[in-house]
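Visitor: what follows is a predicted structure for the sequence shown.
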Amino acid sequence: MAFKHKSVLLEETVDGLAIKPDGIYVDGTLGGGGHAFEVCSRLNEQGRFIGIDQDAAAIEAASERLRDFGEKVTIIRSNYCEMKSRLHEIGVDKVDGIVIDLGVSSYQLDTAERGFSYRVDAPLDMRMDQRQQLTAREIVNTYSEADLFRVIRDYGEDKFAKNIAKHIVIERQKTPIETTGQLNEIIRHAIPMKFQKTAGHPSKRTFQAIRIELNRELDVLRESLDDMIEMLNPGGRICIITFHSLEDRIVKSAFRKNENPCICPSHFPVCVCGNVSKGKVITRKPILPSEEELEYNSRSKSAKLRIFERC
């Protein structure tokens, strides 16, 4: 299957970068190269673009899509949490803009054997980086009931998390849970039918939770934001697209902390902690997809874009 993905909030993100033609820009979640292509199109011969992704299929697709931009493009297979060290290896310590799109690509969802989708029966996998040993199968079959409950409650925000975890443990004692279809059926039996009729697909939240846990998505985001902001040149911007409340909360909090890092008690007349602002939040409220975009790309409906500018 060809790597296909409709870039979410494409114009808003590229415009939000305030691109300098001779600047250095990084896409930490390269995907099929949709955002990357638009960024590269605005760079002159002195400009430079670096794309990072941990998915081999994304690397291949983006390399082909960006081929005409020649030597101004560098593509690295890695997780964006390693951005600072991987860029240092190629002689880059400061950049003028960073894009992070935290959505799962259409390719990953639609390729059955990747095991991301609850809509087709496939082996339980869900690895963003297929070099990784741990898969969703191991989480489902080896996590304790308490840990499964924690994952589904915290990352899936599913009010039936306790019952789903209980049913998973009961069923895996009979036979290992190997496929998305098996897990689907277990979840269906754990959620009352009256809720299934009104709340969308019953497996959506649990699959999301397992994927986040497996790929350490929230930990990676939380641990990377300060470093990425630190890498920006003065006036440089970071644009982050999130797709659910947990991600958005982490980004919003990190941006605010970097804008106003003062930890002095509110009754102090002046700041004495010495913490200095690293920039300003450009988006007091997140930018949402337009009605037009929602019509042709249903996967963008939960997307939110936040932008921070380095001082």
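Guide: Nice, I can see it.

Visitor: distance of A56 from H267?
Guide: 55 Å (CB to CB, to the nearest Å). Bear in mind the C-beta positions are built from the backbone N, C-alpha and C, glycine included.

Visitor: tell me which of the two has more neighbours.
Guide: A56 (12 against 5; other CB atoms under 10 Å).

Visitor: check contacts around the more buried one.
Guide: Residues in contact with A56 (CB atoms under 8 Å, 6 or more residues apart in numbering) are 77, 130.

Visitor: separation between it and I100?
Guide: Between A56 and I100 the computed distance is 20 Å (CB to CB).

Visitor: do V272 as well
Guide: Counting by CB to CB - V272 and I100 are separated by 34 Å.

Visitor: residues in contact with the residue nearest to the spatial centre of the chain?
Guide: What sits nearest the mean C-alpha location of the chain, by CA atoms, centre = their mean, is L102, with 1.9 Å. Neighbouring residues of L102 by CB under 8 Å, 6+ apart: 29, 217, 221, 240-243, 247.

Visitor: now do 6 Å
Guide: Neighbouring residues of L102 by CB atoms under 6 Å, 6 or more residues apart in numbering: 242-243, 247.

Visitor: now render those as CSV, adding distance to I50.
Guide: Compiled in CSV, the contacts of L102 are given as follows (distance: CB to CB, whole Å):
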residue, distance to I50
T242, 22
F243, 24
E247, 23
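
Visitor: show me the residues you listed that map onto helices.
Guide: The helices, defined by DSSP state H, take in E247 from the contacts of L102.

Visitor: which residues of the protein score low on pLDDT?
Guide: 1-6 (pLDDT under 70).

Visitor: select the longest strand from the protein.
Guide: Ordering each strand of the chain by length in residues (DSSP state E) puts strand 232-242 first.

Visitor: would you mark the buried spots in that strand?
Guide: 232, 236-242 (16 or more other CB atoms under 10 Å).

Visitor: equivalent analysis for stretch 166-185, please.
Guide: For stretch 166-185, burial by neighbour count (16+ other CB under 10 Å) applies to 167-169, 171-172, 177, 179-180, 182-185.

Visitor: start to end distance for that stretch?
Guide: End-to-end distance of stretch 166-185 (CA to CA, to the nearest Å): 14 Å.

Visitor: go on, stretch 21-35?
Guide: By CA to CA, one end of stretch 21-35 lies 16 Å from the other end.

Visitor: what's that stretch in contact with?
Guide: 3, 5, 7, 13, 36, 39, 43-44, 46-53, 58, 61-62, 65-66, 80, 83, 95-101, 105.

Visitor: for it, the distance to its chain's centre please.
Guide: Remark: stretch 21-35 is offset 15 Å from the chain centroid, using CA atoms, centre = their mean, to the nearest Å.

Visitor: how about it, which residues are buried there?
Guide: Buried residues in stretch 21-35 (16+ other CB under 10 Å): 23-35.

Visitor: mind giving me JSON lines with those residues and columns for distance to L87?
Guide: JSON lines is the format used below for the buried residues of stretch 21-35 (distance: CB to CB, whole Å):
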{"residue": "G23", "distance to L87": "14"}
{"residue": "I24", "distance to L87": "9"}
{"residue": "Y25", "distance to L87": "12"}
{"residue": "V26", "distance to L87": "7"}
{"residue": "D27", "distance to L87": "12"}
{"residue": "G28", "distance to L87": "10"}
{"residue": "T29", "distance to L87": "15"}
{"residue": "L30", "distance to L87": "14"}
{"residue": "G31", "distance to L87": "19"}
{"residue": "G32", "distance to L87": "22"}
{"residue": "G33", "distance to L87": "18"}
{"residue": "G34", "distance to L87": "21"}
{"residue": "H35", "distance to L87": "18"}
